[in-house]
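J.: Give me a 3D structure for the following:
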Amino acid sequence: MRDRILAVYDSLRPSERRLADYVARHGASVIRLTMPELADRAGVSQPTIARFCAALGYDGFKEFKLQFAQNVGGGTPFVHQDVEADDRPADIAGKVFDRTIATLMSVRNALSADQIEHGIRLLAGARRIEFYGCGNSGIVALDIQHKFFRLGIPTTAYSDPHVFSMSAALLRPGDVAVLVSNSGRTWDMLTAATLARSSGASVLALTHSGSPLARLADVCVFSDVEEDSEVYTPMTSRICHLVLGDVLAAGVALDRADSVAAGLQRAKAHLRERRIAGADPAPLGKTPAAASATTASEATSQSIKPSRAARRPTKSDSPANKTTKPAAHRGAGGASRQ
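T.: Take a look at the predicted model:
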């Protein structure tokens with residue numbers, strides 16, 4: 001990448017050279033920037049970035065970032081931004097966990113209590129709630145819907161853009177559409193938000209602050225995760241949205257406790273009836289197989305263990321202590337009984 005930039009540097013325009021200098025100075029951090037963010041930080045326009053990428057022989061900014069990531073060692077493209085190709089399994093586990101924990105703490109510390117309160121109030125008073133998400137966010141939308149359907153509110157989740165666009169157009173006042181999008185720039189999500197609001201429904205967005213979706217929503221819960229889904233597989237952003245869904249579900253459950261408690265109790269009782277009787281967890285430190293073997297061994301030993309009386313002869317049972325009556329005495333006794 002560096003050689004390619006140097007080869008065309010003299011032919012670049014002044015603004016494109018300024019961009020090239022910025023890329024050379026900041027290295028891997030450029031990979032995590034969107035085109036508008038890079039334009040702002042480098043002090044150039046977005047068309048300048050497009051021309052710069054074309055001058056290097058790339059079809060667009062996305063291909064430029066992908067190739068740049070492969071050259072500067074910013075993780076492994078399409079996998080994870082911290083994981084390298086030669087990492088051992090233990091290294092991979094540590095990096096993925098560390099990145100996830102750090103991101104969760106960052107989102108938690110930046111979380112607005114007012115956003116959470118407004119979101120809970122909106123959802124708790126909803127007549128119907130629909131959850132929309134595209135691609136990876138569609139899985140998150142489905143997971144959150146699985147939390148909310150237990151609360152006695154009619155809910156559904158869609159990940160097909162055609163379906164949730166039609167559904168958004170059919171919403172009514174009192175309904176709420178929850179849109180999940182890390183970037184907040186997906187065209188289908190913006191269309192669904194517009195349709196939902198035009199139908200009189202409210203829109204709650206789990207998205208990035210400052211995104212187009214955030215500007216369309218009635219209530220936003222922000223998750224500003226620096227994760228470039230164009231280069232890496234979305235991971236930490238998904239986890240953050242799942243946790244925010246849990247927060248909202250817990251808040252709505254508390255708000256509607258009087259009306260949902262009995263239903264949740266019945267549901268839990270039904271689930272208990274569907275479990276296998278006696279399938280208790282294994283003792284701590286033992287695998288289920290080992291625990292079963294121990295139990296069977298104990299049962300067998302109990303079944304073949306002789307009784308206490310059989311193992312310990314009594315003193316009276318000893319031959320030396322047994323007395324035999326004389327024959328005459330036995331006979332006399334017998335005569336007297338006759």
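
J.: Helix or strand next in line after the longest helix along the chain, which one?
T.: Under DSSP state H, the helix in the chain containing the largest number of residues is helix 89-110. Proceeding N to C from helix 89-110, the next assigned helix or strand is helix 113-124, under DSSP states H and E.

J.: tell me the mean pLDDT over that following helix?
T.: The predicted model gives helix 113-124 an average pLDDT of 96.

J.: ranges for the strands of this structure?
T.: Using DSSP state E, the strands of the chain run over residues 128-133, 155-158, 175-180, 202-207, 219-222.

J.: Spatially central residue for the chain, please.
T.: residue 239 (4.4 Å; Cα atoms, centre = their mean).

J.: so what's it closest to, chain neighbours aside?
T.: Among residues not flanking residue 239 along the chain, residue 100 sits closest, at 5.6 Å (Cβ to Cβ, 6 or more residues apart in numbering). All C-beta atoms are positioned from the backbone trio N, CA, C, and that covers glycine.

J.: Touching, that neighbour and residue 238? I think so.
T.: No - if you go by Cβ atoms under 8 Å, residue 100 and residue 238 don't touch, sitting 9.7 Å apart.

J.: ok, those two, which is more surrounded?
T.: Between residue 100 and residue 238, counted using other Cβ atoms under 10 Å, residue 238 has the larger neighbour count: 21 against 15.

J.: how about the more buried one, what does it touch?
T.: 136-137, 139-140, 182 (Cβ atoms under 8 Å, 6 or more residues apart in numbering).

J.: buried set for stretch 114-132?
T.: 115-116, 118-120, 122-124, 126, 129-132 (16 or more other Cβ atoms under 10 Å).

J.: Would you mind splitting the chain into its domains for me?
T.: 2-72, 104-258 (automatic domain parsing).

J.: rank those domains by pLDDT, which is bottom?
T.: Among the domains of the chain, domain 2-72 carries the lowest mean pLDDT, at a mean of 83.

J.: Show me how far that one is from its chain's centre.
T.: 34 Å (Cα atoms, centre = their mean, to the nearest Å).

J.: Stretch 109-119 now?
T.: 20 Å.

J.: Then stretch 239-247?
T.: Here stretch 239-247 is found 7 Å from its chain centre; the criterion is Cα atoms, centre = their mean.

J.: Other residues contacting that stretch?
T.: 100, 103-104, 107, 116, 137, 140, 143-144, 147, 180, 182, 206, 221, 223, 225.

J.: what packs against the longest helix of the chain?
T.: helix 236-255 (3 or more Cβ pairs under 8 Å, 6 or more residues apart in numbering; DSSP states H and E).

J.: Residue 259 contacts residue 153, doesn't it?
T.: No - counting by Cβ under 8 Å, residue 153 is not a contact partner of residue 259; they are 9.9 Å apart.

J.: who has more neighbours, these two?
T.: Legend: neighbour count by other Cβ under 10 Å for residue 259 and residue 153, higher for residue 153 (19 against 11).
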